[in-house]
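Chemist: Give me the fold of what follows.
(chains A and B)
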Amino acid sequence: MVWTNALLQGLLTGGLYALLASGLSLVFGVMRIVNLAHGDFSILAAFLVLTVAGQSNLWLGTIAILPVMALLGYSLQRSLLNKSISMGVLSPLLITFAFSIIIQNVLLKVFSSDTRSIQTDSLGSSSIKITDSIYIGLLPLLTFAIGVLLTLAIHFYLMRTRGGRAMRATSDDPTAAELVGINNRHIYGLATGIGLFAAGIAGILFGMRTQFSPSLGPIALIFAFEAVIIGGLGSLWGTLLGGIVLGVAQSIGAQINPAYGVLTGHIVFILILLIRPQGLLPKQRGK
Amino acid sequence: MALLEIKDVTGHYGDLQALFGISLTLEKGAVHSVIGANGAGKSTLLNIIAGRMKPTSGSVRFHGEDLSHVSGHKRVQRGISLVPEGRRIFPSLTVEENVKVGAYSKRSGYWNVDTVRELYPLVADRWARLGFHCSGGELQMLAIARALMANPDLLLIDEASLGLAPVVVAQVYASLGQITAQGTSVLLVEQDVSQALRASTTASVLLEGRSVLSGKSDELQREDIKNAYFGIGVQ
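Modeler: Sure thing, here's the model as predicted:
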């Protein structure tokens, strides 16, 4: 029963990692760039909600901040990252690394290095009883559900809409996409906008579930990156699976010894890199 | 007013000059073929018209508008579509999606999913197949179908017959008549001289970036074309 519980809790934690990773996966899938500031943008969203929620309602604050994150992503892509893409593979890495440092230091200056958390009243402590020894937290369950729903929503957008089709075409061949009238710069902006929207959701839910501080962005990035790699680069459903595998691995490791949780996740990540470097559900060539 | 007016266009790849003062005029509904050997500058000319490459000097006017500051994707909205060399079909999209993405610019006109399926039954037969899995002939027809979905006033086709079986080449060229019947002009780049002359109303021969011969396709003498193509007696 203890192991079933660990598996269940890991599964739910995986939903959070999948949320963290979905934006990273989309941006990589469309532009082949890794946003090294992805985790910091998540934490930035958590701090922004903390600030806004202090003056109004938490959920209204969340609804207000998410479009801001999307707009921020679109603007950064159009103003800086699009230029860097044309300068080679290293430039976007360096620029997003610079974003990471800037965000961390601005947050440090404004909010200090103290750890914080977003208060959710009863949501954070409510749980559903499954058996006498297994309880599912309402917030982790909500996080998992949002993770699955977001993956479904992005999948629907990519597969069923005109904009999504254009995004996949641009991902395949940006030059050919221009030839059918697609503005690649706009599409890239949209991808980063969606990416930061997802990062924002993940950061806010992360802030509701646990304590966070300005320096937590790189750790969030590592978990997101591991989920993307485990699942398969550029594969959205693979990312969801990768997040779940990472969450379950950490949970089982922590069950063996509380100090082994994160370590077990890293070991599973390395094992999958060794055994199946393309990931569990890789994006197929031609798919 | 001519549909397309190209005046004294020069083009460079770094220090290498690929085009030397090319001028060309295309009327609405006409088919013009640009003939030349490898490296003659044919694709460079198409890329400049389509906005994939900036000319070093000279002008490209379409419907009387100077296109100097019009980017590639906006030229599609203006009515210029390019079928590029190598076809550049989106491999992860199905044939259906490849066709539909061609209508991204939302230009209205005769061409839609039904009319391109009718034009190319082979494309219709492969509707659910991934672009990645299409053969050379299917890819060429799909590339033209995709370009037609933008309802262009000017269709640029780069190497229509390259690497295709004769039966497929015949089908592709047969479709050009149906395309021009809808008022679309075609600028055709081709190495196959006979095919190009049969399909076009006017033609020009490029040699090492220079236009060395031009005129009505049915009036150009084979010997003159051969000499221009190979640079025999050309100063």
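Chemist: Now do the helices in chain B.
Modeler: B:42-50, B:72-78, B:95-101, B:113-119, B:121-125, B:136-148, B:166-180, B:193-199, B:222-230 (DSSP state H).
Chemist: By mean pLDDT, show me the worst of those helices.
Modeler: Set side by side, these show their lowest mean pLDDT on helix B:222-230, which sits at a mean of 77.
Chemist: What helices and strands are in contact with that helix?
Modeler: Under the contact definition 3 or more Cβ pairs under 8 Å, 6 or more residues apart in numbering or on different chains; DSSP states H and E, helix B:222-230 sits against helix B:193-199, strand B:202-207, strand B:210-216. For every residue, glycine as well, the C-beta is placed using N, CA and C.
Chemist: Of all the residues in the helix or strand containing A:Ala70, which ones are buried?
Modeler: A:Ala70 is part of helix A:58-76, with elements assigned from DSSP states H and E. Across helix A:58-76, burial judged by 16 or more other Cβ atoms under 10 Å in any protein chain shown covers A:Leu58, A:Gly61, A:Thr62, A:Ile65, A:Leu66, A:Met69, A:Ala70, A:Leu72, A:Gly73, A:Tyr74, A:Leu76.
Chemist: same question, stretch A:127-142
Modeler: Neighbour counts using 16+ other Cβ under 10 Å place A:Ile136, A:Gly137, A:Leu138, A:Leu139, A:Pro140, A:Leu141, A:Leu142 of stretch A:127-142 among the buried residues.
Chemist: repeat for stretch A:7-25
Modeler: By 16+ other Cβ under 10 Å, the buried positions in stretch A:7-25 come out as A:8-25.
Chemist: Can you tell me which of the buried residues of helix A:58-76 is closest to A:Thr175?
Modeler: The shortest gap between A:Thr175 and any of the buried residues of helix A:58-76 belongs to A:Tyr74, at 22.3 Å (Cβ to Cβ).
Chemist: List the contacts of that closest one.
Modeler: For A:Tyr74, the set of contacting residues under the criterion of Cβ atoms under 8 Å, 6 or more residues apart in numbering or on different chains consists of A:Gly189, A:Leu190, A:Thr192, A:Gly193.
Chemist: And it, how far from A:Phe41?
Modeler: As for A:Tyr74, its distance to A:Phe41 is 13 Å (criterion: Cβ to Cβ, to the nearest Å).
Chemist: got it, and A:Tyr157?
Modeler: Spatial separation of A:Tyr157 from A:Phe41 under the definition Cβ to Cβ is 20 Å.
Chemist: Comparing these two, which residue is more hemmed in?
Modeler: Neighbour count, other Cβ atoms under 10 Å in any protein chain shown: between A:Tyr157 and A:Phe41, A:Phe41 has more, with 30 against 16.
Chemist: circling back: what do A:Tyr74 and A:Phe41 both touch?
Modeler: Counting by Cβ under 8 Å, 6+ apart, nothing touches both A:Tyr74 and A:Phe41.
Chemist: Just the element for the closest residue to A:Ile244 other than its chain neighbours, please.
Modeler: Of all residues beyond its chain neighbours, the one nearest A:Ile244 is A:Gly14 (3.4 Å), with distances taken as Cβ to Cβ, 6 or more residues apart in numbering or on different chains. Secondary structure here is read from DSSP H and E; on that basis A:Gly14 sits in helix A:2-31.
Chemist: can you pull the contacts of A:Phe225?
Modeler: When the contact criterion is Cβ under 8 Å, 6+ apart, the partners of A:Phe225 are A:Ala21, A:Leu24, A:Val34.
Chemist: moving C-terminal of the host helix or strand of it, what's the next helix or strand?
Modeler: Here A:Phe225 sits within helix A:217-231, counting by DSSP H and E. On the C-terminal side of helix A:217-231, the nearest following helix or strand under DSSP H and E is helix A:236-256.
Chemist: Looking at that following helix now, give me its mean pLDDT.
Modeler: When the per-residue pLDDT values of helix A:236-256 are averaged, the result is 95.
Chemist: Please apply the same query to stretch A:81-94.
Modeler: Across stretch A:81-94, the average pLDDT comes to 91.
Chemist: List the contacts of that stretch.
Modeler: With Cβ under 8 Å, 6+ apart as the contact definition, stretch A:81-94 has outside contacts at A:Met31, A:Arg32, A:Ile33, A:Val34, A:Asn35, A:Leu36, A:Ile95, A:Thr96, A:Arg185, A:Tyr188, A:Gly189, A:Thr192.
Chemist: Counting neighbours, what do you get for the second one?
Modeler: Using other Cβ under 10 Å, the number of residues around A:Arg32 comes to 13.
Chemist: Columns secondary structure, distance to B:Gly215 and pLDDT on top of the buried residues of stretch A:127-142, output as a markdown table?
Modeler: As requested, the buried residues of stretch A:127-142 are exported to a markdown table (DSSP: H, G, I helix; E, B strand; the rest coil; distance: Cβ to Cβ, whole Å; pLDDT from 0 to 100):
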| residue | secondary structure | distance to B:Gly215 | pLDDT |
| --- | --- | --- | --- |
| A:Ile136 | strand | 81 | 90 |
| A:Gly137 | strand | 81 | 91 |
| A:Leu138 | helix | 80 | 93 |
| A:Leu139 | helix | 78 | 93 |
| A:Pro140 | helix | 77 | 93 |
| A:Leu141 | helix | 76 | 95 |
| A:Leu142 | helix | 74 | 95 |
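Chemist: From chain B, how far off is the residue in chain A sticking out farthest from the centre?
Modeler: Centroid-distance maximum for chain A: A:Asp132 at 33.2 Å, with Cα atoms, centre = their mean. Between A:Asp132 and chain B the computed distance is 49 Å (Cβ to the nearest Cβ, to the nearest Å).
Chemist: Next, that residue: phi, psi?
Modeler: Phi and psi for A:Asp132, reported as degrees, to the nearest 10, are phi -60, psi -30.
Chemist: how near is the nearest residue to A:Lys129 once chain neighbours are set aside to chain B?
Modeler: Residue nearest to A:Lys129 in three dimensions, not counting chain neighbours: A:Tyr135, with 5.5 Å by Cβ to Cβ, 6+ apart. When distances are taken as Cβ to the nearest Cβ, A:Tyr135 and chain B turn out to be 43 Å apart.
Chemist: Now the stretch 1-150 of chain A against chain B: closest residue?
Modeler: Closest approach of the stretch 1-150 of chain A to chain B (Cβ to the nearest Cβ) occurs at A:Gly29, with a separation of 10.3 Å.
Chemist: Just confirm that residue contacts A:Pro282, I think it does.
Modeler: No. In terms of Cβ atoms under 8 Å, A:Gly29 does not count as a neighbour of A:Pro282; the distance is 11.4 Å.
Chemist: Show me which of these two is the more surrounded one.
Modeler: Each of A:Gly29 and A:Pro282 has its neighbours counted (other Cβ under 10 Å); A:Gly29 has more, 22 against 16.
Chemist: Return the residues of chain B in contact with chain A.
Modeler: Selection of chain B residues close to chain A by Cβ under 8 Å from any Cβ of the partner chain yields B:50-52, B:71-74, B:76-77, B:81-82, B:84, B:88-93, B:97, B:100-102, B:104-105, B:130-133, B:146-147, B:149-150.
Chemist: Now that we have the residues you listed, which of them are buried?
Modeler: Here the buried ones among these, as counted with 16+ other Cβ under 10 Å, turn out to be B:50-52, B:72-74, B:76-77, B:81-82, B:84, B:88-93, B:97, B:100-102, B:104-105, B:130-132, B:146-147, B:149-150.
Chemist: Which residues does stretch B:162-175 contact?
Modeler: Looking at what lies outside stretch B:162-175 - Cβ under 8 Å, 6+ apart - the contacts are B:85, B:119-120, B:122, B:136-137, B:140-141, B:144, B:160-161, B:191-192, B:195, B:198-199.
Chemist: Write the PyMOL selection for whichever of these are buried.
Modeler: Buried subset of those, written as a PyMOL selection, criterion 16+ other Cβ under 10 Å:
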select buried, chain B and resi 85+119+120+122+137+140+141+144+160+161+191+192+195+199
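Chemist: Would you mind measuring from B:Ser200 to B:Leu119?
Modeler: Counting by Cβ to Cβ, the gap between B:Ser200 and B:Leu119 amounts to 19 Å.
Chemist: again with B:Lys226
Modeler: Computed as Cβ to Cβ, the B:Lys226 to B:Leu119 distance reads 34 Å.
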